[in-house]
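# predicted model and sequence follow; I will ask about them next.
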Amino acid sequence: MRTFGTYSFNGNKIITTSGGGVLIFGDKAMIDQSRFLATQARDDAPHYEHSHIGYNYRMSNITAGIGRGQLQVLDKHIALRRANNLRYQSIFKAYDFITVFKEPTADYFSNHWLSCILVNENSKGITRESLRLAMTEENIECRPLWKPMHQQPIFKHHPAYMNGTSDLLFEKGLCLPSGSNLTDEEINRIKTTLEKILKG
């Protein structure tokens, strides 16, 4: 069995090349095969010849250079994302109906690329959606957690195998501003706005 790993460099990631990503594994034969398929599967011939279907999945040298440059500050950006999560834990600790996503034990280390919460049932009547809309009114973007694939219209006629977890996360989950470039002023405005909404 071969183990593969992938990293996304989409525009909203900690390290970004505006798109694309990296495929990693330790098997040289598989590395060579992947490179072959990702560079149009062109056979070793003086003319264009293809005995396999390939794709043009190469990252440009410019975007690769941008990505490599950002690797120099990766630890700093992870520290900033982790600090964002700690701030949210501090903001929400007084509200027992809010659950902040965090590491379950000290054995885990999350980069907290995204800080998310669950808004559970409460006597204030605050829901994920009412909180999201209230933040939007203050021009602070928050988004629901990802919509489950079985809820996507394109897959509505396909079989789905679930236990309700993804539906619950989508119903109650909210992604909060989490960028490495949040300023102290922006963080304070987010905190003040959240506290105002939660206090009613």
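On my side now, so go ahead. The shown structure was predicted, so the numbers you read here are calculated from the model rather than taken from an experiment.
# can we go C-alpha only for contacts and neighbour counts from here?
Fine.
# tell me the pLDDT at the residue of the chain most remote from its centre?
Most distant from the centre of the chain: residue 46, at 43.0 Å, with distances by CA atoms, centre = their mean. For residue 46, the pLDDT comes out at 88.
# then residue 1?
Reading off the per-residue confidence, residue 1 sits at a pLDDT of 56.
# any idea which helix or strand comes after the host helix or strand of residue 37?
Using DSSP states H and E, the secondary-structure element containing residue 37 is helix 28-38. The helix or strand immediately downstream of helix 28-38 is helix 61-71, counting by DSSP H and E.
# give me the below-cutoff pLDDT ranges for this structure.
Low-confidence segments of the chain, defined by pLDDT under 70, are located at 1-2.
# helices of that one, start to end?
Counting by DSSP state H, one finds helices in the chain at the ranges 28-38, 61-71, 74-92, 128-137, 165-172, 184-199.
# skipping its backbone neighbours, what lies nearest residue 16 in space?
Distance criterion CA to CA, 6 or more residues apart in numbering; nearest residue to residue 16, sequence neighbours excluded, is residue 9 at 4.3 Å.
# residues in contact with that neighbour?
Shown in contact with residue 9 (CA atoms under 8 Å, 6 or more residues apart in numbering): 15, 16, 17, 18, 19, 20, 21, 22, 67.
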